[in-house]
Every structure is written in C-alpha cells, then in structure tokens.
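Enquirer: this is a predicted model, with the sequence first.
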Amino acid sequence: MKMINFMGQRKLAMAFSFILLAVSIGSLVTKQLNWGLDFTGGTLVEVHYSESADLNSIRATLGSEGYGGAIVVSFGTDRDVLIRLPKGYSDKQGGELLVILQQAFSGTVELRRIEFVGPQVGDELREQGGLAMLLALGLVMLYIAFRFQIKFAVGAVIALVHDVIITLGFFSIMGFEFDLTVLAAVLAVIGYSLNDTIVVSDRIRENFRKLRRADSQEIINISLTETLGRTVVTSLTTLLVLMSLAIFGGEMIHGFAIALIVGVVIGTYSSIYVAASALMMMGVSKEDLMIPIKEGADQESLTP
C-alpha cells in the first residue's frame, strides 16, 4: 500500500480548521443559536386530524388569528400535527388553538396533549445541556489518557472540541432551530468522533512499537493510510443513513439528522488531521509509548 503524506499537509489543514473555528465562534458570539422551545420556554400542542392535514393552510390560519410565531410540523403521520408556540403564550391559549383549528377544518380535530415549558425550565435545560457536553469531554480525556497516553488524550479532546464548535457554528450560521434532539445529536457526534480517533490512535501506538527505525511523521502517515479505508467506508455508510433520515424522516428529526451529518463529516476530517496534527505539535515519540520494563526484569532475563 502506498503511503499518503497526510502530515505533509497539516499546516494547510490547520489553517482550514482555524478559519472554520473563527467563523463558528464569531457567529456563536454575535448571532448565537436559534434556541428551540425546549430551551426558551413556550407551549407545545399536539393534535390529530381525521384526514390528511395541510400544514401550509394551518400556518396561514394561525397567522391570521394572531399566532404568527407558531411552528407547525408533521408528527409521525400526515394526520398528526405538532404546533409549537413561542414564549409568551400560555397553556390556556393552547387550548383555544384547538377551537380555531376545528373551525377551519371540515373534519374533526382531536387534541392529544398540551405541554407548557416555562422559561426557568428552559434555562435549566440549557445549563444542563452545556454541562453534559463538558462532562462528556472530561470523561473522554480521562479514558484516553488511561488507555493510551496523556498526549493522545489532549489531541483527542482538541479534535472533539473542534467538532462540537463547528457543528454548533453551522447551526448558528444557518439559523436552524437548536432543541434537545439537536443537543442529543451533538453528544452523539462526540461519541462518533471519539470512535474514529481511538481507532487511529490504536494503530499509531501499534506502529510506534513495531516500526523502530521510522520517525514520528512517517509512523503517523503510515497509520493514517492503513486506517483510511475503514474510516471512509464507515463514514460513507453512516452518511447514507443520515441523509435518508434528513430527506424522508420528517421535520421532527430533520435537525437531528443535519447535526449528525455535519458532525460525521467534520469528525472524520478531525480524526485524520486535527488529532494527529496535535500529536505532532506535542512531539509524540517512541519513548512515550514504550512499555515500561519492571525493575530487575532485564537482569532476570539475562540470568541463565
């Protein structure tokens, strides 16, 4: 197999990553995220229509009745509709919504549930979601430091932070709604990227112990080349599933699928370039990965 000189392009990859990070952080600071109902508070109303529901007609009806900020999406089937009212509406107004929908529809409209999320609950969810991501990153760093070496742990966490920031930045730039399903996708991105990084790190460690005469850059290039096929196949098959979910899965999981698509693409890139480049910058060497010999073990081996 011909070795690909990945690390020869690491400066170009680092510049590309810095640009993506700068744009993402800039958007998160200035534009911020388009927080969904789960985080901002509001009212959620689920209704069931006796016949197929026309979402555009429902939106027009609600807009003419003063519910211009309502978000209307299909929920499971074309007869089930989920309506999200932003902060400022009460659950009582959610009940009045049913009357408006019934008057505009010739069949029957059945109320399935009404849920009211207060702004305080939304703030708590936002805080707990952020803590969940920080906890996940911290545990990842401990795990990799224990399994490999501290330099590998730092490189993996740098790659994971890189992936999370760019995924969040994408949602900020595009203005897509950020709710609990998207947060779950971001946490899943951490797991997916970590899996790729561990596979690459395991091969790098193995080659450092096996290829005694090669330098660090050559060993990392060989390791990345050897795992490239597995990485590409895994990413492509995952992306096929996620694209199917994004196209045919409906609006309820559209944000979830989009977040995972972005995360898988960026995670694949970071496991090849970001984590490995971080190892090069920290000067990883054979000495970092040599199995320590117990005191007296070499003398015992020489004893006839």
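Expert: That came through fine.

Enquirer: pLDDT-wise, which helix or strand of the protein ranks last?
Expert: In the chain, the helix or strand scored least confidently by mean pLDDT, DSSP states H and E is helix 297-302, which has a mean of 45.

Enquirer: in this structure, which spans are helices?
Expert: Under the criterion DSSP state H, the chain carries helices at the ranges 10-30, 37-40, 55-64, 91-103, 119-147, 150-174, 180-210, 216-248, 254-272, 274-281, 286-289, 297-302.

Enquirer: so can I have a markdown table of these showing mean neighbour count and distance to Arg79?
Expert: Heads up, the C-betas are built off the backbone N, CA and C, glycines and all. Shown next, in a markdown table, are those (neighbours: other Cβ atoms under 10 Å; distance: least, Cβ to Cβ, whole Å):
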| stretch | mean neighbour count | distance to Arg79 |
| --- | --- | --- |
| helix 10-30 | 14 | 38 |
| helix 37-40 | 21 | 22 |
| helix 55-64 | 15 | 11 |
| helix 91-103 | 15 | 13 |
| helix 119-147 | 14 | 29 |
| helix 150-174 | 22 | 30 |
| helix 180-210 | 20 | 22 |
| helix 216-248 | 16 | 18 |
| helix 254-272 | 23 | 19 |
| helix 274-281 | 22 | 46 |
| helix 286-289 | 14 | 59 |
| helix 297-302 | 8 | 72 |
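
Enquirer: His48: which of these is closest?
Expert: Ranking these by proximity to His48 (Cβ to Cβ) places helix 91-103 first, at 10.8 Å.

Enquirer: pLDDT on that closest one, on average?
Expert: Average pLDDT, helix 91-103: 74.

Enquirer: repeat for stretch 21-37
Expert: Across stretch 21-37, pLDDT averages out at 89.

Enquirer: please enumerate residues in contact with it?
Expert: 44, 71, 84, 86, 117, 122, 126, 162, 165-166, 168-173, 175-180, 182 (Cβ atoms under 8 Å, 6 or more residues apart in numbering).

Enquirer: what stretches of this protein score poorly on pLDDT?
Expert: Along the chain, segments meeting pLDDT under 70 span 1, 68, 76, 87-95, 117-123, 125-126, 285-304.

Enquirer: and it, what are its domains?
Expert: Using automatic domain parsing, the domain parsing of the chain gives 7-35+121-289, 42-117.

Enquirer: tell me how far the longest one is from the chain's mean position?
Expert: Yep, that's domain 7-35+121-289 we're talking about. Here the centre of domain 7-35+121-289 is set off from its chain's centre by 9 Å, with Cα atoms, centre = their mean, to the nearest Å.

Enquirer: repeat that for the last one.
Expert: For domain 42-117, the gap between its own C-alpha mean and the chain's C-alpha mean amounts to 30 Å (Cα atoms, centre = their mean).

Enquirer: Arg113 is nearest to which of the helices of the chain?
Expert: helix 91-103 (9.7 Å).

Enquirer: so the residue nearest to Glu177 when sequence neighbours are not counted versus Val264, what's the distance?
Expert: Nearest non-adjacent residue to Glu177, counting by Cβ to Cβ, 6 or more residues apart in numbering: Gly36, 4.6 Å away. Taking Cβ to Cβ, to the nearest Å as the measure, Gly36 falls 22 Å from Val264.

Enquirer: how about Ser223?
Expert: Computed with Cβ to Cβ, the distance linking Ser223 and Val264 is 21 Å.

Enquirer: what's the answer for Val73, then?
Expert: Separation of Val73 from Val264 (Cβ to Cβ) stands at 24 Å.

Enquirer: try Arg10
Expert: For Arg10, the distance to Val264 - Cβ to Cβ - is 22 Å.

Enquirer: what residue is smack in the middle of the protein?
Expert: Nearest to the mean C-alpha position of the chain, counting by Cα atoms, centre = their mean, stands Val186 at 2.6 Å.
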